[in-house]
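Asker: Compute the structure for the input listed below.
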Amino acid sequence: QLSLDWQTPAGNPRALPTTFKIDARFTALGWAAQGARPGANNLSGLLAGNEEKGSYQISGNHAGFDFPDVFADPALRFEKLNLRGGWKREKGSGGENYLIEIAEALLSNADLTANVYGSYRLDNKGPGIADLHGKVLRATGPRVQRYLPTVINAGTHEWLRSSILRGEVDSGSFSLQGDLASFPFKSARDGIFQVRAHVRGGQLRYDSDYPMIEDIDGELLMDGVRLEVRSDKARIFGAQLHKVKVTIPDYETSDELLEVNGEAQGPASEFIRFVNFSPVSETLEGMAEEMTASGDMRLKLNLKIPLRRPQNTTAGGRLSFINNTVFPAPDLPRIEQMNGLLDFTERSISAPNMTARILGGGASATATTENNQVRVRGRGVFQAAALEAWLGKEVADRLNGQADWRGEIYLGGGKNRLRFESSLVGLESRLPAPIKKTAAKNLPFVFEQQAMSGGGKWSSLQYGSVASAVWTSLPTTSGFRLERGELRFGDKARLPAE
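Answerer: Numbers count the residues shown, from 1 in each chain. Below you'll find the predicted structure:
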């Protein structure tokens, strides 16, 4: 039903009416979008008023609007839609125009349920002035990006689409105030655009190269051109996170930057897993690939990820060892009571003061990155009794005492190598001659190992001037097998020809 009267200026019947009166009842009304004018679908309701003021009530099931140039997904459809409000003509500095009042708007579909109220002032010179507020009763995290306007940069839209994998909003609010010509408002002087939502069960893939953050309980915040996710309850693998902050400081810049900050604490095995499934493994030159550990660790992490240039990501962090037991690799001794701080960036590591117990005695170590290689230096004391795992019980039972040692490991560039040496002063050997020695005798022991092409290893051993050995070994599915070598007494061993 429609009753419509209007009057145009004399002599210009095609001009906009100067006066009108309307009384309309409609069902399943729709029209196509044209240019900047939105379209509609399946609306029912009533419209009554004139050129000075009026009111409207609109409802619909499976109804909605089309905004081709406003939202990434232009067709917004709602299982339930109720709008109530009015309009009135106002005089302003720009002349006469209309204020559209929204007394109440209820929007509900599979993605969200929200209430909106406020006003929208038409503007002859631009898109208009908004004063809108609302509450979000529920929303689905992965669908949030659909309802953000396209004036927000494409890089931010794509990050939101691909990064928010799971999560439910159980409460939230939003405000939009200001001249939409300046949206999304770089400063509060231009206007206010704020979104605040509480998220439960969130899953965030902040960067494809790093493990995702899961079970997020926190807040999603948008303020002007700043986007932020905050949480004090989340996890990566089995490590619990707190003080998590994922931020895009300015999503309107042409080179959006994503910043990730957080702290974690949990089982050491989960941190080794994090290292091995992230670019940190490359920084450590694969040091943790065969590593296992027990006890708890702490991690502080900072990432700066240019969304359009992720290859230029920078990283910084600190890994805290807390009385951990670490098994570096099958062919290296167990490290116990390991304590200290390991700082790292995307290119380097630094651990200036690590302490532990190795082979039954106290030890200290440092780790740095030098010439694109990780260099680990250590020194300490080993106990004869701790050598049983390496030499067997029959041999170890014939050794007694302790001795100082020092060593270093280089990792990286395909040139991994290890050197371990000791004077053996303090260690008594009751093995048959010529291996027999007194505790006071200085008999330099040197063991070296170096990576070969194809995954093999070159190894050498020197026992004073008494004996030496050199050999190569090749990888197999069950470890390494001896390829060739020589053991020589009283002279320097030489590797046999192939």
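Asker: Mind jotting down where the strands sit in the stretch 151-300 of the chain?
Answerer: For the stretch 151-300 of the chain, the strands defined by DSSP state E, counting those that start in this stretch cover 164-179, 191-204, 213-223, 226-236, 239-248, 257-267, 292-294, 296-306.
Asker: now for the fifth one, which elements pack on it?
Answerer: The contact analysis (3 or more CB pairs under 8 Å, 6 or more residues apart in numbering; DSSP states H and E) places strand 239-248 against strand 213-223, strand 226-236, strand 257-267, helix 268-276. In this view, the C-beta of every residue, glycine as well, is placed from N, C-alpha and C.
Asker: Same list, these, but as a markdown table with distance to K492 please.
Answerer: Listed next are these as a markdown table, based on distance: least, CB to CB, whole Å:
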| stretch | distance to K492 |
| --- | --- |
| strand 213-223 | 56 |
| strand 226-236 | 51 |
| strand 257-267 | 47 |
| helix 268-276 | 40 |
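Asker: wait, which of the ones you listed is closest to N61?
Answerer: strand 213-223 (29.3 Å; CB to CB).
Asker: Name the residues of the closest one that come out as buried.
Answerer: Buried residues in strand 213-223, counted by 16 or more other CB atoms under 10 Å: 213-216, 218-220, 222-223.
Asker: With just CA atoms, put that strand into CSV.
Answerer: Only the C-alpha atoms of strand 213-223 are listed here, as CSV (Å, rounded to 0.1, in the frame of the first residue of the first chain):
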residue,chain,number,x,y,z
ILE,A,213,48.2,-19.2,19.5
GLU,A,214,45.2,-21.2,20.7
ASP,A,215,42.6,-21.2,23.5
ILE,A,216,42.7,-17.4,23.6
ASP,A,217,40.6,-15.7,26.2
GLY,A,218,41.0,-12.0,25.7
GLU,A,219,39.9,-8.8,24.0
LEU,A,220,39.8,-7.6,20.4
LEU,A,221,40.2,-3.8,20.3
MET,A,222,40.0,-1.3,17.4
ASP,A,223,40.6,2.3,18.2
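Asker: I would like the residues contacting that strand, please.
Answerer: The contact list for strand 213-223 (CB atoms under 8 Å, 6 or more residues apart in numbering) reads 141, 144, 167, 169, 172, 193-204, 206, 227-236, 241, 244, 246, 262.
Asker: quick one: L487 and A493 touch, right?
Answerer: Yes - in this structure L487 lies within contact range of A493 using CB atoms under 8 Å: 6.2 Å.
Asker: before we move on, the earlier item: to K91, which of the strands of the stretch 151-300 of the chain lies closest?
Answerer: Nearest to K91 among those is strand 164-179; the distance by CB to CB comes to 18.0 Å.
Asker: How far off centre is that closest one?
Answerer: Computed by CA atoms, centre = their mean, to the nearest Å, the chain-centroid distance of strand 164-179 equals 21 Å.
Asker: buried residues in it?
Answerer: 164, 166-167, 169, 172, 174-179.
Asker: what does stretch 50-60 give?
Answerer: 51, 54, 56-58, 60.
Asker: would you put the C-alpha positions of that stretch in CSV?
Answerer: Taking Å, rounded to 0.1, in the frame of the first residue of the first chain, the C-alpha atoms of stretch 50-60 are listed here in CSV:
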residue,chain,number,x,y,z
ASN,A,50,6.6,14.3,5.2
GLU,A,51,9.5,16.6,4.3
GLU,A,52,9.9,17.8,7.9
LYS,A,53,9.8,14.6,9.8
GLY,A,54,8.7,11.0,9.8
SER,A,55,9.1,7.6,11.2
TYR,A,56,9.8,4.1,10.0
GLN,A,57,9.6,0.5,11.2
ILE,A,58,11.3,-2.2,9.1
SER,A,59,11.6,-5.9,9.7
GLY,A,60,12.6,-9.0,7.8
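Asker: so what's D209 up against?
Answerer: So D209 contacts 278-279, 310, 313 (CB under 8 Å, 6+ apart).
Asker: Need the max-distance pair from those.
Answerer: S278 and P310 (13.3 Å).
Asker: For these two, indicate the residue with more neighbours.
Answerer: More crowded of S278 and P310, by other CB atoms under 10 Å: S278, with 18 against 12.
Asker: Please report how far that one lies from K245.
Answerer: 18 Å (CB to CB, to the nearest Å).
Asker: give me the beta-bridge partners of N302?
Answerer: N261, G316 (DSSP bridges).
Asker: pLDDT at it, what is it?
Answerer: We have a pLDDT of 95 for N302.
Asker: Pull the contacting residues for it.
Answerer: 259-261, 315-317.
Asker: Check G361 too.
Answerer: Contact analysis of G361 by CB under 8 Å, 6+ apart lists 380-383, 386, 402.
Asker: so which of those is the most crowded?
Answerer: Within those, most neighbours by other CB under 10 Å means F382, with 25 neighbours.
Asker: Now do that residue against M354, distance only.
Answerer: Distance, F382 to M354, using CB to CB: 17 Å.
Asker: Same question for R121.
Answerer: Distance from R121 to M354, by CB to CB: 65 Å.
Asker: Contact partners for the residue lying closest to G380 once chain neighbours are set aside?
Answerer: In this structure, G380 finds its nearest non-sequential neighbour in A363, 2.9 Å apart by CB to CB, 6 or more residues apart in numbering. A363 makes contact with 335, 355-357, 378-381, according to CB under 8 Å, 6+ apart.
Asker: Equivalent analysis for A268, please.
Answerer: 293-297, 321, 324, 326.
Asker: same thing but 6 Å
Answerer: Applying CB atoms under 6 Å, 6 or more residues apart in numbering, we find A268 in contact with 293, 295, 297, 324.
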